[in-house]
Every structure is written in structure tokens, then in C-alpha cells.
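Colleague: quick one, structure for this:
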Amino acid sequence: MFSERECERYKRQILLFGDEGQERLKNAHIFIAGAGGLGSPVSLYLAVAGVGTITIVDMDRVDQTNLNRQILHFDRDIGRKKTASAKEKLQAINPDIMIYAIDVKIDEMNAADLIGEADGIVDAMDNYPARYLLNEVAIAKEIPLFHGGIRGFYGQATTIIPGTTPCLKCIFPKPPPKEVFPVIGVTPGIIGVVQANEVIKFLLGRGELLAGRLLIWDGMQAHAEEICVERNPACDACGGMVENTTARKKK
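Modeller: Prediction:
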């Protein structure tokens, strides 16, 4: 059931997918790893769409160098924990949803427990060891992983459905060199919105996901292309999974 305020808030999107679709969003729980450049637009758009429970995890504090792209955080937030800043903004933009902001480093000991019974995992990280860990948990729990990555004016996104699509290790078997990479704020904005769109489609069970497809964004040319990707039967992360013929949709 929706309150009068919720009915008014979601009126324009209920025209798209009805009360049943909005109920699916309200009943969903999405885990977002990272409250930075990608985590900011993803969490904001999932919050305004009415995803009922959002868990966002980060261990950093807001730094002035973050402010060109991490739009959840303002100048007044410099020095604050990103989780506190994120929860304040997300709860303010939609007080009718639950926000769990957890100030901790995601590691092998806590990742599965942090993700819990979430319906999906958003990869909004900036390092591949953490991404590979999220990939492993997604495989173990058989829930989707919504990957996004950025560098400069360039970005990428894909949706990983364990047992159906290639996993992150299939696509990127080796991590790129660790570095402090350049980035312009619009790039995580674009890729983060793509990730949020994928989450919403998955929760609604509508549309065609970026499953088996890696979207490549070139901001310098304002051009997007897709690369078809396939499972690696010898993948050390997902090679032992029995392949499904259809993508799992939220029930």
C-alpha cells in the first residue's frame, strides 16, 4: 500500500508500470558498494524512483578533490564520513524509503554479511580487488551485479547475471594497473545513471538488460558502442556454475 504522498510522488512513473511495478520497487533492497562518483548518481536515482531499501557502504571521508564528481557531497561535508553525508542527502530527497549507510571497508570477512538478502549489488568501486570480491558474492548468492567503471571521459557498464552471463572475471581476468586516474564529473554521472536504469529494469522485470553486453561510452565523441562478451568455461570465479538459459528476474 502507498501513502497519499507516495502516490503523488510516483504518479508519473506509475503511468509507465502501474501500481504493481511501483510495489516491486518499494519491496526491493539494493546494495551499493561505494558512495563516490558512481555511487552518488546510482543512489540518488534509485532513491527518487522509490527503491524501498538501499544499503550504501563506504569507509572514506569527503575530501575537496571529491567534489568535482561525487554529487552526494557538498563543500560543507568536507571531513565528514561519506556514509553520514550520503544518508542525510538520500533521506532528505525521499523520506519514504529506508537508507542504511555503513561506514566500513568491504573485505572477504564481511562482504557476504553486509550484502545480506539484497536483491542486487551495484559495483560503484574504484578498485578491482573489491570488484572481484563483489563478483564472488554475487555468484555465491546468485544475484545480479551491476558493474560500472570510469576513466576520464570514458566509461563502461554491464549487468552480470550469475549462471547466465559472463562474470566480471570472465570479462576482466586481470585487473588494470593501480593508479590515481583522471575523471570529469559527467562521466560517472552518465555511467551511474546507466547502472541505475539497469537496476530498475531488473526489479521491474522489464526491458533488455546489458546482459552479455559491455557498454562502452566515449564522452569525447559522444558515442556509445557495445561489445558482446561470453562466459569463460575455465573462469576461476564462475566456471563451475551450471548455465541458465534465461536471466533471473526479481519475483
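Colleague: now residue 159: which helix or strand?
Modeller: Under DSSP states H and E, the secondary-structure element containing residue 159 is strand 154-160.
Colleague: and the helix or strand just after that strand, what's buried?
Modeller: Next along the chain after strand 154-160, taking DSSP H and E as the criterion, comes helix 168-171. Buried residues in helix 168-171, counted by 16 or more other Cβ atoms under 10 Å: 168-171. Where C-beta positions appear, they are placed from N, C-alpha and C, glycine not excepted.
Colleague: pipe those into TSV and attach pLDDT and distance to residue 115 per row.
Modeller: Shown next, in TSV, are those (pLDDT from 0 to 100; distance: Cβ to Cβ, whole Å):
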residue	pLDDT	distance to residue 115
168	98	15
169	97	18
170	97	21
171	97	21
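Colleague: what count of nearby residues applies to residue 181?
Modeller: 12 (other Cβ atoms under 10 Å).
Colleague: ok, it touching residue 153?
Modeller: No - counting by Cβ atoms under 8 Å, residue 181 stays clear of residue 153, with 11.6 Å between them.
Colleague: now residue 57: phi and psi?
Modeller: Residue 57 adopts backbone torsions of phi -120, psi 130, taken as degrees, to the nearest 10.
Colleague: what's across from it in the sheet?
Modeller: Residue 57 forms beta bridges with residue 33, residue 102, as assigned by DSSP bridges.
Colleague: the chain should start at 386 in everything you say after this.
Modeller: That works, and once the first residue is 386, the last one we named lands at residue 442.
Colleague: how many neighbours does it have?
Modeller: Using other Cβ under 10 Å, the number of residues around residue 442 comes to 26.
Colleague: could you do the one 4 residues further on as well?
Modeller: By the criterion of other Cβ under 10 Å, residue 446 has 17 neighbours.
Colleague: over to residue 528?
Modeller: Other residues close to residue 528 by other Cβ under 10 Å number 22.
Colleague: and it, what does it touch?
Modeller: 500, 503-506, 547 (Cβ atoms under 8 Å, 6 or more residues apart in numbering).
Colleague: phi and psi next, for the closest residue to residue 465 other than its chain neighbours.
Modeller: Leaving aside its sequence neighbours, residue 465 sits nearest to residue 447 (Cβ to Cβ, 6 or more residues apart in numbering; 5.4 Å). Main-chain torsions, residue 447, degrees, to the nearest 10: phi -70, psi 130.
Colleague: first-to-last residue distance for stretch 594-605?
Modeller: 25 Å (Cα to Cα, to the nearest Å).
Colleague: so what touches that stretch?
Modeller: Residues contacting stretch 594-605 (Cβ under 8 Å, 6+ apart): 537-546, 549-551, 556, 569, 571-572, 575-576, 579, 583, 586-587, 608-615, 632.
Colleague: what pLDDT does residue 635 get?
Modeller: Looking at residue 635, its pLDDT reads 49.
Colleague: please enumerate the helices of this structure.
Modeller: Listed in chain order, the helices of the chain (DSSP state H) span residues 389-394, 396-411, 424-434, 467-478, 496-500, 513-526, 553-556, 571-589.
Colleague: quick one: those helices as TSV, columns for distance to residue 486 too.
Modeller: Formatted as TSV, those follow (distance: least, Cβ to Cβ, whole Å):
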stretch	distance to residue 486
helix 389-394	22
helix 396-411	20
helix 424-434	10
helix 467-478	4
helix 496-500	12
helix 513-526	17
helix 553-556	25
helix 571-589	17
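Colleague: residue 562 is nearest to which of the ones you listed?
Modeller: Nearest to residue 562 among the helices of the chain is helix 513-526 (10.0 Å), distances taken as Cβ to Cβ.
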